[in-house]
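Student: Pasting the sequence and the predicted model now:
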Amino acid sequence: MIFVSIAEKKEGFAALRCGVALCSVGRPQVGGEPANLQRKELSIPSEMAGEAERLAAFVDIAAEFSKWLKEDEVTVLVSRAHPFRLNPLRYRDGHGLEFLLAMLILAFPEIRWFFGAIRGYGESNADTEVLDGFRARHGLFNLFQPQQAALFDGAGLRDWVRQCAKDAKGSDGTKKDARYIPRREQLAIAMDEETDYANLHAYAAYRFGFRALAISGREAADAVLGKKPFPQWGTPDLVLEDLFLNFPTGDHGLSDLEGVREKEFPVLEQLSPPIQKPSPPIEEVFTPVKEESSPIKDAYPRNEKRRHRILVTSGQSTEHSAKNRKYIAERRIRLLYKPLAGIFSIWGKSGLDRRLRWPDKMERKKKDAWITEVEKTRRGTGKGYVWPPDWREIERIERKERQDGDESKSGGHSSPGILLLIARSLIGRAKSMLAKESPSVEEAVRGAVLACDALELLGGKTPTTAAEALSLKHRFELHAECQFVGVEHHIPMKPRFEEIKREAESIARWFRPQEKDRASLNIRMELINQLIGILRAYNQFDEEQECLIRVRRLHNSLYMQDRKHPWRVLFWPLLRYSEFLFKSFSRFALAIFLWIGGLSGLFAWAFHAYGGAPGKTQNIDALPFGNAIGTFFGTAPVTSYGHWAIALSVLAIIAGLAHLGIFISYLYTLVSRR
């Protein structure tokens, strides 16, 4: 563990040293020093003369953090901070520390951050309740709670920084610059004693719009879901939990949902209350209700809170199975069975892609006041997470603002330079993880988070860098799915292709109008080609074939869109037909059947048009069906009764040779890869 203390003055390090000393109590000692614990101190001035100095400071500090993260986990202690100044897009005099902290928080998702003195109380626009909430979640005393990984932003610090950028209004506000950045307003819990399962489930929740905690230990579970949970976590909105839970501490009986787990983790009951409360005793039915008694609330407030509980199980039978089935049915808890077929399968089979929905209220400026005007229902993601950005809606709001006289400038047609710098830092670290051998599941998940955050910060407005982040994100996800033995061998690729298409189109909109379609096709083809290499390395033959089929279609689409050769569109039917044949053997067989049937009908027409073939009507080769098969497969000579029959024979022979070549190519692909 590496503790990094950050302060503006030397006096600020004193309290932070005490915090580190308290954390080291009880640790094994090596040479009089705590084992596996390093201390670093970093001084950041509150005033920075120019933008170049601020950016140089970020680059230098980021280089140090990157070096330390390669050695061990890093925890940062900050002497003081003003939460509302944690905006990487706006520098204020006297708040150089907050400006740099905001950049570093976004650039290093895996680092835990804790703050000492919280500034902002007593100011004219201060929101005491919000500041108290920030202190409760990120105050220095949280250092002594059970450790929760920061990678999936469970505490919400990165979401806070994004909110500060999106909500900064006024003449020097950054609202327009950051309007496209998605937020994660809801919390998800992934609880499994197997760390890889917990990480993969937590990442699935994160990529679909939730802040997430990956819990693999009893202490961390008690802190969030136990009998005395820490109040800053609140009630999670989504829980993915292992049914047969057995933490390393030796807690037995947690697989009994109603008898043990509900009592040990009472917060879970708030996510999945029973549909109907049990009937009260008969004496209570006839007891007059006192006036001061509160009315009974809805027995199943799921529709109001929209919380979801998913149980993941391997499906084996135990002594608690019958009781668990009843408990699950009474609360309409969803069941997922291991092994799962990857990240998209987790979201699809749990029904979250359909059940999640939330109203998106967007603001616009009118007469120096921001009012809520637009409301849309978003589906399949956590609250606040709109991705890819809804550019049409954003542009519509900005047009109305300009009509209302709001002349404030936005970042224009590229991502803000600060966010681009942060994204490049994230992408650089992610690429370095792929430079070595295939990453482990934990490394792949971390790399996917880095690439995902970089992509979201860019919003596609810097297309080339955004396309690189998109590629890294899907490559890391595929590495995680292929490396993890808990994932099915056959991974569905269609949902991934659909998402790649949506995101590529969102990125391509920032190219000139004439090049949008070609840019989108190029991004998709390049990305899927990179996925093919990963699938080939892991011997995922069927998935590789799906990618090859998709790449072939994209390549043909690009070929036909070449403006310098417009005549290429004439080959559209042939190219699309070849794609149809290569897709599967069943389609190939269907095509052969249709060809023979069609040629039989045409030969019958030609036969009757010329009054039959004298002397050959008794031979099966002279029959329409025989002619069709013989000429198509090349076992019979050209039929000579009439010009139309000769033309049909030539057509059948050419079609047969073409299909034979395609069939041999398809078989070779199957045999060589299997």
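Tutor: That came through, no problem. Numbers count the residues shown, from 1 in each chain.
Student: Now do the strands for the stretch 51-200 of the chain: every range, in order, please.
Tutor: Ranges of strands within the stretch 51-200 of the chain are 74-81, 112-118, 186-191, based on DSSP state E, counting those that start in this stretch.
Student: Out of those, the one nearest residue 466 is which?
Tutor: Nearest of the strands of the stretch 51-200 of the chain to residue 466, taken as Cβ to Cβ: strand 186-191 at 25.3 Å. C-beta here means a position set from N, CA and C on the backbone, and glycine is covered the same way.
Student: list the helices and strands that closest one packs on?
Tutor: On a contact count with 3 or more Cβ pairs under 8 Å, 6 or more residues apart in numbering; DSSP states H and E, strand 186-191 meets helix 195-207, strand 210-215, helix 218-225, strand 238-242.
Student: Tabulate the CA atom coordinates of that strand in CSV.
Tutor: Only the C-alpha atoms of strand 186-191 are listed here, as CSV (Å, rounded to 0.1, in the frame of the first residue of the first chain):
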residue,chain,number,x,y,z
GLN,A,186,-27.2,5.0,-8.9
LEU,A,187,-25.2,2.5,-6.9
ALA,A,188,-24.8,-1.2,-7.8
ILE,A,189,-23.3,-4.0,-5.6
ALA,A,190,-21.6,-7.1,-7.0
MET,A,191,-21.1,-9.6,-4.2
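Student: picking up where we left off before, I'd like the strands of the stretch 51-200 of the chain written out as CSV, with distance to residue 91, mean neighbour count and mean pLDDT added.
Tutor: Converted to CSV, these look like this (distance: least, Cβ to Cβ, whole Å; neighbours: other Cβ atoms under 10 Å; pLDDT from 0 to 100):
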stretch, distance to residue 91, mean neighbour count, mean pLDDT
strand 74-81, 15, 22, 90
strand 112-118, 19, 20, 91
strand 186-191, 31, 27, 94
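Student: Stretch 629-644: end-to-end distance?
Tutor: One end of stretch 629-644 sits 17 Å from the other (Cα to Cα, to the nearest Å).
Student: what about the closest residue to residue 82 other than its chain neighbours, distance to residue 78?
Tutor: Once flanking residues are discounted, residue 82 sits nearest to residue 119: 3.9 Å by Cβ to Cβ, 6 or more residues apart in numbering. Residue 119 sits 11 Å away from residue 78, taking Cβ to Cβ, to the nearest Å as the criterion.
Student: what about residue 517, distance to residue 492?
Tutor: From residue 517 across to residue 492, the span is 27 Å (Cβ to Cβ).
Student: meant to ask about residue 314
Tutor: 20 Å.
Student: try residue 454
Tutor: On the measure of Cβ to Cβ, residue 454 and residue 492 end up 26 Å apart.
Student: In terms of neighbours, single out the busier of those two.
Tutor: Taking other Cβ atoms under 10 Å, residue 454 and residue 492 do not tie; residue 454 has more neighbours (29 against 15).
Student: Need the helices and strands packed on strand 186-191 in a markdown table (columns: mean neighbour count, mean pLDDT and distance to residue 434).
Tutor: Below are the helices and strands packed on strand 186-191 laid out as a markdown table (neighbours: other Cβ atoms under 10 Å; pLDDT from 0 to 100; distance: least, Cβ to Cβ, whole Å):
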| stretch | mean neighbour count | mean pLDDT | distance to residue 434 |
| --- | --- | --- | --- |
| helix 195-207 | 25 | 94 | 17 |
| strand 210-215 | 29 | 95 | 22 |
| helix 218-225 | 21 | 91 | 30 |
| strand 238-242 | 26 | 93 | 27 |
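Student: nearest to residue 484, of the ones you listed?
Tutor: Closest approach to residue 484 among the helices and strands packed on strand 186-191 (Cβ to Cβ): helix 195-207, 5.5 Å.
Student: who does the closest one touch, helix- and strand-wise?
Tutor: Helix 195-207 packs on strand 186-191, strand 210-215, strand 238-242, helix 343-349, helix 441-458, helix 463-483, going by 3+ Cβ pairs under 8 Å, 6+ apart.
Student: contacting residues around residue 491?
Tutor: Contact partners of residue 491, counting by Cβ atoms under 8 Å, 6 or more residues apart in numbering, are 341, 342, 345, 478, 481, 482, 540, 543.
Student: and the third one, how many neighbours?
Tutor: If I follow you right, that is residue 345. 19.
Student: wait, what's in contact with it?
Tutor: 488, 491, 492.
Student: And the first one, by the same measure?
Tutor: Under the criterion of Cβ under 8 Å, 6+ apart, the contact list for residue 341 reads 487, 488, 490, 491, 492.
Student: Can you tell me the closest non-neighbouring residue to it?
Tutor: residue 488 (4.2 Å).
Student: Likewise for the last one?
Tutor: Counting by Cβ to Cβ, 6+ apart, residue 535 is the residue found nearest to residue 543 once chain neighbours are left out, at 4.9 Å.
Student: Count the residues that sit near the one you found.
Tutor: 21.
Student: Does it lie in a helix or a strand, and which?
Tutor: For residue 535, the host element (DSSP states H and E) is helix 516-537.
Student: same thing with residue 312?
Tutor: Residue 312 belongs to strand 308-313, assigned by DSSP H and E.
Student: now swap in residue 249 and tell me
Tutor: Assessed by DSSP H and E, residue 249 sits outside every helix and strand.
Student: swap in the one 3 residues further on?
Tutor: For residue 252, there is no helix or strand it lies in under DSSP H and E.
Student: how about the nearest residue to it once chain neighbours are set aside, secondary structure?
Tutor: By the measure of Cβ to Cβ, 6+ apart, the closest residue to residue 252 outside its immediate chain neighbours is residue 246, 7.1 Å from it. What DSSP: H, G, I helix; E, B strand; the rest coil gives for residue 246 is coil.
Student: residues in contact with residue 246?
Tutor: Applying Cβ under 8 Å, 6+ apart, the residues contacting residue 246 are 193, 252, 254, 255.
Student: if you set the cut-off to 10 Å instead, what comes out?
Tutor: 192, 193, 194, 252, 253, 254, 255 (Cβ atoms under 10 Å, 6 or more residues apart in numbering).
Student: cool, and residue 588?
Tutor: Counted by Cβ under 10 Å, 6+ apart, residue 588 has contacts 580, 581, 582, 659, 662, 663, 666.
Student: ditto for residue 263
Tutor: 227, 253, 256, 269.
Student: mind checking pLDDT for the first one?
Tutor: Going back to what we said before, that points to residue 227. The pLDDT attached to residue 227 in the predicted structure is 89.
Student: That one sits in which helix or strand?
Tutor: Here residue 227 is assigned to no helix or strand, by DSSP H and E.
Student: So what's the residue count around the closest residue to it other than its chain neighbours?
Tutor: The shortest distance from residue 227 to any non-neighbouring residue, by Cβ to Cβ, 6+ apart, is to residue 266 (6.1 Å). By the criterion of other Cβ under 10 Å, residue 266 has 14 neighbours.
Student: hmm, back to that, now restrict the contacts of residue 263 to buried residues only.
Tutor: 256, 269 (16 or more other Cβ atoms under 10 Å).
Student: count of neighbours near residue 258?
Tutor: So residue 258, with other Cβ under 10 Å, has 16 neighbours.
Student: Contact partners for the nearest residue to it once chain neighbours are set aside?
Tutor: Using Cβ to Cβ, 6+ apart and skipping the chain neighbours, the partner closest in space to residue 258 is residue 327 (4.6 Å). Residue 327 makes contact with 256, 257, 258, 259, 261, 262, 272, 274, 311, 320, 333, according to Cβ under 10 Å, 6+ apart.
Student: wait, the last one sits on residue 307?
Tutor: So the one you mean is residue 333. No: using Cβ atoms under 10 Å as the test, residue 333 is too far from residue 307 to be in contact (11.1 Å).
Student: The two - which one has more neighbours?
Tutor: residue 333 (20 against 17).
Student: How much space separates the more buried one from residue 351?
Tutor: Where residue 351 is concerned, residue 333 sits at a distance of 11 Å (Cβ to Cβ).
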